[in-house]
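> 3D model of this:
(4 chains)
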2 protein chains.
Amino acid sequence: MAKNKFTLFLGSKQLRKTPERYAILDKIFSINGHFDIESLHDMLESDSYHVSKATVYNTIGLLIECGLVRRHSLDNKQTKYEKIISNSPNHQHLICTECGKIKEVKDNEFSAYMNARKFTAFTTSYFQLYIYGICNNCLRKKKRVTKEKSIKISK
Amino acid sequence: MAKNKFTLFLGSKQLRKTPERYAILDKIFSINGHFDIESLHDMLESDSYHVSKATVYNTIGLLIECGLVRRHSLDNKQTKYEKIISNSPNHQHLICTECGKIKEVKDNEFSAYMNARKFTAFTTSYFQLYIYGICNNCLRKKKRVTKEKSIKISK
DNA sequence: TTTACTGCAAATATTTTGCAATATC
DNA sequence: GATATTGCAAAATATTTGCAGTAAA
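Here you go, the predicted model:
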C-alpha cells in the first residue's frame, strides 16, 4: 500500500526514510476527504507529534511527486490536498462557493472520455474537473435570508 | 459589449464609474490569453497609467462578479485571469507543468455533456477543466537534457 | 454634500529559504 | 563519516485592510 510505495519512491531517489515523513504519510491516510497544510499540521501537533511546517511542506511535495497525494488549487484561493487511494475510481469535485465544502462525485463516463482524449503537441499527465456552485444547505440559508429581508422591508 | 455590461453592473450596484475601473477593463480586453495581476499592473504602468495594486485587485473582483473576467487557480500556485468574450465557445485549458504556458482547446462535446449534467443537492454555476501535462516544446528540451546527461556519464 | 474610491503603507496569509544542529545511510 | 533532513526564523510572495485624501454622484 501507500507506505510501501513511498518507501520504494524514497529509495529510488536516494532520499532518507525519516520518521517525520512516515508520520505525515500516516496522518494523511487517516484523513477522509480534503485537508490543508494548516489543519494537517494541527492534527499532528494535537497528537503531540511535533514537526515543523517546513517539513510538512517538504513531505507533501514528495508525496505529490510520488503520486500519493493530489493538490487542488481552488478558486477563492484555498489550497486543499487529498490522499490518492490506488484503486479509487476517478472522481470529480463539486465545490460550494458559499461554504467551501467539497463533495465528490464519481463519473466513469467522463473519466473514460478524458482518458481516451489525446491532444496535439501535448502529453497529458493528469486532469482536474472542478464544478463550482451552491450546495443545498447554503441555498436554503440564502433563501431564508432573502425572505427575512423582504419581511423587514414590507413592515 | 464589455464596457456597456460593466456600466450597467456598476449602476445596478450603485458603484462608481471611475476612470481607473474603465482603464483596467480596457487593458484586460486588449490582452489575448491569460495574465496575472502583476503583469496587468506592469502593462498599465508602462502605458504611464498609474493605478495602485489595491485598485487592480478591487476592480478584478468586480469584473469577476460581473462575469467579464474568469479567475484560474492553477497548480504550482499561479493565479491567472482571462477576459470572457460574450459569445466565445466554452474552452478547456491545457497547462504545461514545465513552463506554465496555457493552451486552449475547444471541446463542444465535453461542454454539451457538462451543461446537461445535473447533480443531486447541488446547483452548478460554472465548471473548470484543467488538463496538466507537458507541451511538446518542453518535452523536446527535457529529452535533450537527458541525452546530454547520458553522454556526459558515458564519457 | 455625501460617501465610495483611490493610493499608500502596513497587516495578513501562505510558502520558501538559509543555516546550524541532527540523524540517516 | 558524509550529507540529507530537520526545526527555526527570516525572507519572499500574494492579497487584504485601514485610513486620509480625493472625486463621483
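
> is chain B within reach of stretch A:12-23?
No: judged by C-beta under 8 Å from any C-beta of the partner chain, stretch A:12-23 makes no contact with chain B; its nearest approach is 15.8 Å. (C-beta placed from N, C-alpha, C; glycine too.)

> what's next to that stretch, contact-wise?
Contacting residues not belonging to stretch A:12-23 are listed as A:Lys3, A:Phe6, A:Thr7, A:Phe9, A:Leu10, A:Gly11, A:Leu44, A:Tyr49, A:Val51, A:Thr55, A:Thr59, A:Leu62 [C-beta atoms under 8 Å, 6 or more residues apart in numbering or on different chains].

> derive a ChimeraX selection command for the buried subset of those.
Typed into ChimeraX, the next command selects the buried ones out of these (criterion: 16 or more other C-beta atoms under 10 Å in any protein chain shown):
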select /A:6,9,10,44,51,55,59,62
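
> can you redo the contacts of stretch A:12-23 as TSV with distance to A:Asn76, pLDDT and secondary structure?
As requested, the contacts of stretch A:12-23 are arranged in TSV below (distance: C-beta to C-beta, whole Å; pLDDT from 0 to 100; DSSP: H, G, I helix; E, B strand; the rest coil):
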residue	distance to A:Asn76	pLDDT	secondary structure
A:Lys3	34	96	helix
A:Phe6	31	98	helix
A:Thr7	37	98	helix
A:Phe9	32	97	helix
A:Leu10	34	97	helix
A:Gly11	39	96	helix
A:Leu44	26	97	helix
A:Tyr49	30	97	coil
A:Val51	28	97	coil
A:Thr55	27	98	helix
A:Thr59	26	98	helix
A:Leu62	27	98	helix
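
> and the contacts of stretch A:12-23 as JSON lines, adding distance to B:Met114?
Formatted as JSON lines, the contacts of stretch A:12-23 follow (distance: C-beta to C-beta, whole Å):
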{"residue": "A:Lys3", "distance to B:Met114": "37"}
{"residue": "A:Phe6", "distance to B:Met114": "35"}
{"residue": "A:Thr7", "distance to B:Met114": "40"}
{"residue": "A:Phe9", "distance to B:Met114": "35"}
{"residue": "A:Leu10", "distance to B:Met114": "39"}
{"residue": "A:Gly11", "distance to B:Met114": "42"}
{"residue": "A:Leu44", "distance to B:Met114": "38"}
{"residue": "A:Tyr49", "distance to B:Met114": "42"}
{"residue": "A:Val51", "distance to B:Met114": "41"}
{"residue": "A:Thr55", "distance to B:Met114": "40"}
{"residue": "A:Thr59", "distance to B:Met114": "35"}
{"residue": "A:Leu62", "distance to B:Met114": "34"}
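
> which ones are touching A:Tyr113?
Taking C-beta under 8 Å, 6+ apart as the test, what A:Tyr113 contacts is B:Phe110, B:Tyr113.

> buried set for the helix or strand hosting it?
Assigned by DSSP states H and E, A:Tyr113 falls within helix A:108-116. Neighbour-count burial for helix A:108-116, counted by 16+ other C-beta under 10 Å, picks out A:Phe110, A:Ser111, A:Met114.
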